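Asks: Predicted model and sequence below, questions to follow.
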Amino acid sequence: MMWLPSPLERAGDQFREDLAADPYLKYILLLSALLSMFWIWHRLPNFATRDERWRVVDAMEVAGFVESDGLTLDALSEGAKYWRVFGPTLYLYGLVALPAIGLTFAIGEAAVFADLLGAWSVDLYAHWQTLPAWLWWATVLPARLVNALLAVGCVYLLYRIGTHLRDRATGRLAALLLALTWGVIMLAHEAGEDVPALFCILLVFYLAVRYVETGSGWLFLGASAVGGLAIAFKPTAGITAAFLGIAYLFRAGWTEDPVRALARPAALVGTPAVALGAVYLVSPDVVGGLLNAFESVAETTAWIAGAGVVVAYLYRERVTGERVRALARPALLVGGPIVALLAMYFAFPSAVLNGPEVLIDRVDRVANEKTRSHGWLDRPAWWWYVRGAINGLGWPLAITSVIGIGAAVVTLGGRLLRTVVSDRGLSLRRDSATPRVSIETVGIVLALMGIAVMTAVFSTWAYFRTHHLLPMFPLAILLVALALRWLADSSAAVGPVDSQRLFQGATAVLLLTTAIYASVGTVGYATQPRDRTVSWLLDHGGDNATVETYAYDSQEAAVPHGWTIYRPTTRADDTSRREWLQNVEQRCPEYIVLNYQRSMLWLAPDNHSQLSERWTGFGDAEYVRDLLSEDGSYETMNAPYPYEVAARFGPEPPFLDDGDPFDRTWNMIRAGIFPRTIQYGDPQDFGVYGYAVVLEREGSCDGSN
């Protein structure tokens with residue numbers, strides 16, 4: 001395979017070697033692929049989430065400027081900075097969409113891309129219906145498939161990490177658990193940046209471990225580049241910097257002569273000076289923005305933790321001039337940050353074409369948007385943390401992860417204590433053919449540090465959800481797999497049950513319960529309420545009927561693409577929403593669809609959520625109650641309306657039966673029992689979020705009803 005670059009060729013060789021050496025690996029990867037791609041076309045030609053729309057549309061906006069102005073640098077620049085561009089997702093999903101975009105130009109229909117630019121100023125329904133349904137299928141579905149393949153790649157990378165740290169049994173168990181993790185499966189079903197970022201994070205983890213072993217500068221610089229790309233995908237991927245910093249410190253203890261191998265003292269000062277100086281010369285505001293962002297998202301905590309590691313290491317090395325010089329290696333200390341910064345910069349096409357201002361905007365938004373509760377629930381950070389973790393993992397795997405983390409901490413402490421007792425010091429310096437610190441220990445430290453840093457960052461956020469916690473899942477699972485293998489190799493026993501049987505029993509229960517939890521969530525993609533609603537409407541109304549709905553975003557609505565859609569966002573400026581709603585007979589749609597968002601939520605009590613109070617206007621709840629009324633009592637002037645409930649889809653919100661909102665403790669607990677639980681602000685079709693009621697017109701719209 002001479003046409004492949006050497007690193008990719010070696011990666012391919014390693015993959016084939018793993019497949020040949022482990023007969024179970026291919027089945028684990030196949031299982032991951034099946035779960036990640038099951039019913040992956042859900043919601044099409046609509047979107048799985050709001051963000052999915054914008055990730056895919058970015059490339060089409062560039063195409064719109066090219067259609068209007070020709071293939072020029074100015075057109076590319078304007079397209080790349082139109083509204084918001086999310087860095088490397090424009091490259092990734094733009095490349096995937098390129099065949100469909102090229103076909104659209106070839107058949108002479110490229111004007112739809114130019115129309116798309118102005119359509120969303122009307123509203124999001126106009127934006128959605130500007131493109132034909134086939135074009136959404138041809139761009140969104142391939143993007144999801146790429147995302148699913150990257151999820152399978154994450155499973156393989158965790159297998160490789162576990163195998164390298166201990167043995168193939170450890171890698172196999174870690175990979176299988178990650179393949180069965182609902183949080184990964186869920187995010188594989190949408191085109192976003194979470195899974196690509198996770199793939200990069202795990203690759204940096206593996207390269208960092210390999211660097212500790214080999215000391216290869218190319219591995220370190222390659223990991224820096226991948227880390228920069230990961231941060232461009234997702235700023236919380238900044239844990240990759242911690243991975244590389246810790247790996248660098250560990251490497252100093254693996255060499256026969258740390259001073260000779262690593263001593264380049266000027267780089268300790270030169271690295272941050274050169275990196276920050278280069279950025280500052282481009283735009284002084286960048287440095288200030290970055291520093292403010294660090295302060296806002298508890299990067300201070302990460303820096304303190306990193307400083308603590310350095311201080312501890314220097315103490316171990318007895319803080320002499322030679323030991324300090326052992327930490328300096330300019331090709332890495334200067335090259336690593338520069339490579340990472342360049343990777344981040346070039347990962348944003350809008351920055352490449354328009355300068356660094358877009359990066360400032362991105363940093364400011366990340367630094368500030370998580371300091372508010374975003375309108376749903378006002379809960380402490382620990383509540384969001386626990387709820388998101390148990391929803392992504394399920395209770396069995398979540399509890400086992402806590403045990404695995406605890407076991408890793410205890411094991412690490414025990415190994416440190418043995419080092420102190422045997423050496424009366426903490427020197428990592430290698431005095432024999434066997435290093436004092438095993439590569440397994442390096443992996444444990446990296447995983448624990450990643451979890452600790454991300455937890456510190458999240459502790460300052462006002463809200464976050466399952467997808468934000470995704471990078472921590474494989475790190476915790478790796479520690480679970482290691483802990484279970486320690487159990488299998490130990491002499492522990494509970495009565496007549498030896499360690500091997502304890503391991504087999506615990507592993508079987510964990511795999512079975514996690515598989516059940518993940519399967520329930522995955523199978524649900526085939527029966528999503530909004531998909532069933534659209535199918536019902538198409539079966540009963542044909543391809544070109546009229547429907548009215550009240551969701552603000554077409555992604556939240558359960559209406560067919562191509563139908564005439566009446567919605568409040570297109571009402572006249574001088575018409576109140578209350579007046580517009582109650583004049584439904586003037587529009588006389590064949591169907592009305594009430595969604596959870598901005599329809600059912602109008603009926604919720606004020607203590608249900610911040611949105612139920614803020615979104616409910618005067619007359620909204622009364623209008624919906626009159627539409628659904630079955631007892632002949634009405635509250636609005638134009639009632640009764642000529643519509644009857646024809647179908648209901650999805651779990652009914654409890655407040656519709658005068659039920660109280662879920663107790664906050666039960667709301668948190670049930671998230672790890674029912675995988676398809678409302679995400680609060682990330683609108684995949686889960687739980688009551690997907691609830692829909694279809695009303696069909698009965699009689700005429702002349703007011704005689």
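Replies: All right, it came through fine. Residues are numbered from 1 along each chain as shown.
Asks: Quick test: name the residue nearest the centre of this structure.
Replies: Taking C-alpha atoms, centre = their mean as the criterion, D194 is the residue nearest the geometric centre of the chain, at 3.0 Å.
Asks: Tell me who's in contact with that one.
Replies: 187, 234, 467, 470 (C-beta atoms under 8 Å, 6 or more residues apart in numbering). Glycine gets a C-beta too; all of them are placed from N, C-alpha and C.
Asks: you'd agree the last one is up against N391?
Replies: No: shown here, L470 and N391 do not form a contact pair, counting by C-beta atoms under 8 Å, at 11.5 Å.
Asks: Now the common contact residues for the two.
Replies: Joint contacts of L470 and N391 (C-beta under 8 Å, 6+ apart) are G183.
Asks: who's more crowded, these two?
Replies: Neighbour tally, L470 and N391, criterion other C-beta atoms under 10 Å: the higher count belongs to N391, 30 against 24.
Asks: give me the element the more buried one is part of.
Replies: Of the helices and strands defined by DSSP states H and E, N391 is found in helix 381-393.
Asks: Check which residues of that helix are buried.
Replies: The neighbour-count criterion (16 or more other C-beta atoms under 10 Å) identifies 381, 383-393 as the buried residues of helix 381-393.
Asks: Over to stretch 110-119?
Replies: So stretch 110-119, judged by 16+ other C-beta under 10 Å, has buried residues 110, 112-114, 116-117, 119.
Asks: now, among the residues you listed, which is nearest to P142?
Replies: Distances from those to P142 were compared by C-beta to C-beta; the smallest belongs to F113, at 17.3 Å.
Asks: residues in contact with the closest one?
Replies: Contacts were defined as C-beta under 8 Å, 6+ apart; by that measure F113 touches 60-61, 63-64, 66-67, 101, 104.
Asks: In helices, which of those residues appear?
Replies: Of the positions in these, 60-61, 63-64, 66-67, 101, 104 sit in helices, assigned by DSSP state H.
Asks: Need the max-distance pair from those residues.
Replies: Across these, the two members that end up farthest from each other (C-beta to C-beta) are E61 and T104, 13.7 Å apart.
Asks: what are the ranges of the helices in the stretch 51-200 of the chain?
Replies: Counting by DSSP state H, counting those that start in this stretch, one finds helices in the stretch 51-200 of the chain at the ranges 73-81, 88-106, 111-119, 124-130, 133-165, 168-179, 182-188, 194-214.
Asks: With distance to D18 and mean pLDDT as extra columns, can I get the ones you listed in TSV?
Replies: Rendered in TSV, the data for these read as follows (distance: least, C-beta to C-beta, whole Å; pLDDT from 0 to 100):
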stretch	distance to D18	mean pLDDT
helix 73-81	39	80
helix 88-106	25	93
helix 111-119	43	91
helix 124-130	43	94
helix 133-165	7	97
helix 168-179	8	97
helix 182-188	20	96
helix 194-214	13	94
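Asks: picking that back up, which of the contacts of F113 has the most neighbours?
Replies: Greatest neighbour count in those, by other C-beta under 10 Å, goes to A63: 27 neighbours.
Asks: Sheet partners, orientation included, of the host helix or strand of V694?
Replies: Here V694 sits within strand 692-697, counting by DSSP H and E. Strands adjacent to strand 692-697 in the sheet, as given by DSSP bridges, are strand 591-595 (antiparallel), strand 643-649 (antiparallel).
Asks: and among the ones you listed, the most buried is which?
Replies: When these are scored by mean count of other C-beta atoms under 10 Å, the highest mean neighbour count falls to strand 591-595 (a mean of 25).
Asks: average pLDDT across that one?
Replies: Per-region confidence: strand 591-595 scores 95 on mean pLDDT.
Asks: do stretch 536-544 as well
Replies: For stretch 536-544, mean pLDDT is 91.
Asks: Buried residues of that stretch, list them for me.
Replies: Buried positions in stretch 536-544, judged by neighbour count with 16+ other C-beta under 10 Å: 536-537, 541.
Asks: Now tabulate these in TSV and tack on distance to R172 and secondary structure.
Replies: Rendered in TSV, the data for the buried residues of stretch 536-544 read as follows (distance: C-beta to C-beta, whole Å; DSSP: H, G, I helix; E, B strand; the rest coil):
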residue	distance to R172	secondary structure
W536	44	helix
L537	46	helix
G541	51	helix
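Asks: and A639, what pLDDT?
Replies: Here, the pLDDT recorded for A639 equals 86.
Asks: and if you look at V453?
Replies: Among the per-residue scores, V453 holds a pLDDT of 89.
Asks: That one against F243, yeah?
Replies: No: no contact is recorded between V453 and F243 when judged using C-beta under 8 Å, the distance being 9.8 Å.
Asks: Y634: what secondary structure?
Replies: Under DSSP: H, G, I helix; E, B strand; the rest coil, Y634 falls in the coil class.
Asks: in this structure, what spans have low per-residue confidence?
Replies: Within the chain, the stretches falling below the threshold (pLDDT under 70) are 1-5, 84-86, 253-375, 419-436, 494-495, 658-662, 682-683, 702-705.
Asks: how does this structure divide into domains?
Replies: Per the record's domain assignment (automatic domain parsing), the chain is made up of the domains 193-370, 528-697.
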